[in-house]
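Peer 1: here is a sequence together with a model predicted from it:
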Amino acid sequence: MDVGGKVEMNITFTSPITPDDMKRQSLLFSYLEARVYSIDGAKHKVQLYTDISAEWVAGDHGAVAQWGYGVTSDNVTYHKVARQTQLEFSETSDQADWGNWYYSTKNRDNLAYQSGSDRDVRGQFQSTGKLANTKDTNYRPINQQYPVFGFSSDFGTIQQETHSTLYTIGLTQEQAVQFDGASGVVPLPSLWTSYFSSEEEALIEKVGFFYNDYGGASRTARGLDNKINRDSIAAGGQDYATATSLATRQAFGATQLVGNLTKQYLFLKEISSDGNTQTVDVIFPFHPILLYLQPSYLKLLLDPLFENQESGHYPNMYSMHDLGSHYPNATGHADGNDEPQPLEECGNMLIMTLAYYQRTLDIAYLSAHFPILDQWTQYLITSALIPADQISTDDFAGSLANQTNLALKGIIGTRAMATIANLTGHYEVGANYTTISSSYIQSWQNLSTTPLPIPHTTLSYNNPSTHGLLYNLYADRLLSLNLVPQGVYDMQSAFYGTIMETYGVPLDTRHGYTKADWEMFVAAVAGESTKVMFMERIARWIDEMPIGAPLTDWYDAGSGDWPIGSGHFTARPVVGGFFALLALD
């Protein structure tokens, strides 16, 4: 950032992603580094100011905030801010109502701090160039004389040298998730508590550890970013790298590691579209990034779903939709009244379980869950070929009978279970499911394809005027099942180019909107020219979209804007599906 043509300031935001290091991945902290230097060779006096406001601590701005200031034993200074009345396992407007926020920097001679109203603290710096080293003790609602918590650094006169200041910001919650598992409903601690013996130690060491780890964290972050960029360019070109680089941190930002050193879980929040916990059909588009970066994390995501249902906490014979209506309450649906997507979720669970095995060779996992996997397969056998009027993961599009794409997921799920049965020594079961899925796929082709005006699969059976993104085809290639004939791949690949709009292909003929994650699934298994076409359109959309918000996955294929007359999705983890192509490798 050029400041008046005389001084330049470079701001670097770093949110570490360390899938190979659970200790670091368990810390919900980010870095901000500010570097300042002269660009005209002359001497300049420079002071730097930053702050955070109490708006970080609660979505209800009428809630009372409280705060404090301190210095750790390793000379890291911090503002600590929290909601005065902690509401454990509660959120308002997608913000946690419990836990402590820390805004930290190094305690140097040129540093000053101050807490107080935004007008007073910011006004103090604007008038004097330095904060007053004073603490406001008038705890109050967030929206009353908005409290802010600032730091100022006086760099003095600069000319040749670069001056820098590092800040960290993050949230600590000792208890992170409420889970109905094998032992009933229990609170699960944040995993970082297993690496630090108490909240006091976490306050001293955790903030200090993270702050002093910036060099290593930056190198790790650059290494990961370079790997993703390199692999993405090799797999799909620069346009593909544009998408994956943007999606990485958004995808992981919806996850949280909990548990202890003996047993860990990874919980996921369905952000924006709903507040559900561990939504199966959100994990499904998210999971390609895990297959690419760290397949063991997929087990940590699936474990709570298996544990809840295998413990008898869910009455339906098909797979549940989610583990709780609002994050972080993974308390299940003992009444069985979760959002009904039975065919969708049974197929998703079978596909993801086999995908996890194929990348880890954890045969014990398949054996341990064989009974419930087989139970879900029984549902698919009775329901997949001719789907009833029900919703799919694209529930915003409405319910529909005989959905071509949904039927395909169920048939692929059945073949996945045939593979699981053979791997675990249930050969008669495997042979039976292989026969059934082979028969089903032949019938499915007859019911779902039309030769006119251009050969393609329909949105629903025997409805030649319709079409849709056949993104569930991806699972056949991902699992190397070879169930679906190559002719279907080729037919769909050729068809998409005939309906491509400015920023992509519509989800189906009912609406003008599309889903970027499903477009990536389709592109990953399409012919080369069609794959390139999808990547180009998605990269163009990322560059030109008029949406002033975190990356969405749901947009109008023609305008690139929010879907007309529909809701807004932002910051959702489903962009992990951008890694669909890399997951194939």
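Peer 2: Received the coordinates, thanks.
Peer 1: where along the stretch 51-200 of the chain do the strands fall?
Peer 2: For the stretch 51-200 of the chain, strands defined by DSSP state E, counting those that start in this stretch occupy the ranges 64-71, 76-83, 91-92, 95-96, 100-106, 111-117, 140-141, 147-158, 163-172, 175-181, 184-189.
Peer 1: which one of those lies closest to A58?
Peer 2: With Cβ to Cβ as the criterion, A58 lies closest to strand 76-83 of those, at 4.6 Å. No exception for glycine: its C-beta is placed from N, CA and C like everyone else's.
Peer 1: so in that sheet, which strands flank the closest one, and in what orientation?
Peer 2: Its sheet considered, strand 76-83 pairs with strand 64-71 (antiparallel), strand 100-106 (antiparallel) by DSSP bridges.
Peer 1: how about TSV for these, with mean neighbour count added?
Peer 2: As requested, these are exported to TSV (neighbours: other Cβ atoms under 10 Å):
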stretch	mean neighbour count
strand 64-71	17
strand 100-106	22
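Peer 1: the residue nearest to R108 when sequence neighbours are not counted: neighbour count?
Peer 2: Nearest non-adjacent residue to R108, counting by Cβ to Cβ, 6 or more residues apart in numbering: S153, 7.4 Å away. Neighbour count of S153, defined by other Cβ atoms under 10 Å: 23.
Peer 1: and what of the one 5 residues further on?
Peer 2: Using other Cβ under 10 Å, I158 is surrounded by 17 other residues.
Peer 1: for this protein, which spans come out with low pLDDT?
Peer 2: For the chain, the stretches with pLDDT under 70 are 1-4, 200, 202-204.
Peer 1: compare the strands paired with strand 76-83 and give me the one nearest T498.
Peer 2: Closest to T498 of the strands paired with strand 76-83 is strand 100-106 (Cβ to Cβ; 51.6 Å).
Peer 1: distance of I547 from D556?
Peer 2: In this view, I547 and D556 are 10 Å apart by Cβ to Cβ, to the nearest Å.
Peer 1: of those two, who's got more company?
Peer 2: Each of I547 and D556 has its neighbours counted (other Cβ under 10 Å); D556 has more, 23 against 15.
Peer 1: residues in contact with the more buried one?
Peer 2: 503, 512-514, 562-564 (Cβ atoms under 8 Å, 6 or more residues apart in numbering).
Peer 1: highest neighbour count among those residues?
Peer 2: T514 (26 neighbours).
Peer 1: pretty sure it is in contact with V505, am I right?
Peer 2: Yes - with contact defined as Cβ atoms under 8 Å, T514 counts as touching V505 (6.1 Å).
Peer 1: what do the two both touch?
Peer 2: What both T514 and V505 touch, as defined by Cβ under 8 Å, 6+ apart, is the set 469, 557.
Peer 1: rewinding a little: can you tell me which of the contacts of D556 is nearest M533?
Peer 2: Y503 (11.6 Å).
Peer 1: separation between the residue nearest to S90 when sequence neighbours are not counted and Y78?
Peer 2: The shortest distance from S90 to any non-neighbouring residue, by Cβ to Cβ, 6+ apart, is to D97 (4.2 Å). D97 sits at a distance of 21 Å from Y78 (criterion: Cβ to Cβ).
Peer 1: quick one: the helices in the stretch 301-450 of the chain?
Peer 2: 342-360, 363-368, 370-383, 404-423, 427-448 (DSSP state H, counting those that start in this stretch).
Peer 1: highest average neighbour count across these?
Peer 2: helix 404-423 (a mean of 26; mean count of other Cβ atoms under 10 Å).
Peer 1: got the angle between it and helix 427-448?
Peer 2: Following axes from the mean of the first three to the mean of the last three Cα atoms, to 10 degrees, one obtains 160 degrees for the angle between helix 404-423 and helix 427-448.
Peer 1: so who does L447 touch?
Peer 2: With the criterion set at Cβ under 8 Å, 6+ apart, L447 makes contact with 402, 404, 407, 461-462.
Peer 1: now for these, which pair is the farthest apart?
Peer 2: A407 and N462, at 12.5 Å, using Cβ to Cβ across the contacts of L447.
Peer 1: quick revisit: so who does the residue nearest to R108 touch?
Peer 2: Taking Cβ under 8 Å, 6+ apart as the test, what S153 contacts is 47-48, 108, 110-112, 163, 165.
Peer 1: buried among these? Need that as a selection in ChimeraX.
Peer 2: Per 16 or more other Cβ atoms under 10 Å, the buried members of the contacts of S153 correspond to this ChimeraX selection:
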select :47,48,111,112,163,165
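Peer 1: and the two most separated of the contacts of S153?
Peer 2: Checked with Cβ to Cβ, the contacts of S153 reach their widest spread between A112 and H163, with 15.4 Å between them.
Peer 1: so what's L171 up against?
Peer 2: Residues in contact with L171, defined by Cβ under 8 Å, 6+ apart, are 28-29, 96, 99-102.
Peer 1: wait, which of these is closest to Q375?
Peer 2: Comparing the contacts of L171 against Q375 with Cβ to Cβ places A96 closest, at 35.5 Å.
Peer 1: give the contact list for the closest one.
Peer 2: 58, 90, 171, 173, 328.
Peer 1: ok, now G116?
Peer 2: Per Cβ under 8 Å, 6+ apart, neighbours of G116: 134, 136, 147-148.
Peer 1: before we move on, what about G347?
Peer 2: Contact analysis of G347 by Cβ under 8 Å, 6+ apart lists 380, 384, 409-410, 412-413, 472, 475.
Peer 1: same list (the residues you listed) but as CSV, adding distance to G347.
Peer 2: CSV is the format used below for the contacts of G347 (distance: Cβ to Cβ, whole Å):
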residue, distance to G347
L380, 7
A384, 8
K409, 4
G410, 5
I412, 7
G413, 4
N472, 8
A475, 8
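Peer 1: return the closest of those with respect to R219.
Peer 2: The nearest one, if we look at the contacts of G347 relative to R219 and count by Cβ to Cβ, is A475, at 36.1 Å.
Peer 1: which of the helices or strands spans that closest one?
Peer 2: Using DSSP states H and E, A475 falls within helix 473-478.
Peer 1: could I have the next helix-or-strand element following that helix exported to PDB, CA atoms only?
Peer 2: Note on helix 473-478: by DSSP H and E, the next helix or strand toward the C-terminus is helix 486-499. Extracted C-alpha coordinates of helix 486-499, given in PDB (Å, rounded to 0.1, in the frame of the first residue of the first chain):
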ATOM      1  CA  GLN A 486     -17.200 -44.300 -20.900                       C
ATOM      2  CA  GLY A 487     -19.800 -43.300 -23.400                       C
ATOM      3  CA  VAL A 488     -21.800 -41.500 -20.700                       C
ATOM      4  CA  TYR A 489     -18.700 -39.500 -19.800                       C
ATOM      5  CA  ASP A 490     -18.100 -38.600 -23.400                       C
ATOM      6  CA  MET A 491     -21.700 -37.700 -24.100                       C
ATOM      7  CA  GLN A 492     -21.900 -35.400 -21.100                       C
ATOM      8  CA  SER A 493     -18.600 -33.800 -21.800                       C
ATOM      9  CA  ALA A 494     -19.700 -32.900 -25.400                       C
ATOM     10  CA  PHE A 495     -23.100 -31.600 -24.200                       C
ATOM     11  CA  TYR A 496     -21.900 -29.100 -21.600                       C
ATOM     12  CA  GLY A 497     -20.300 -26.900 -24.200                       C
ATOM     13  CA  THR A 498     -23.600 -26.400 -25.900                       C
ATOM     14  CA  ILE A 499     -25.200 -24.900 -22.800                       C
END
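Peer 1: all set, thanks.
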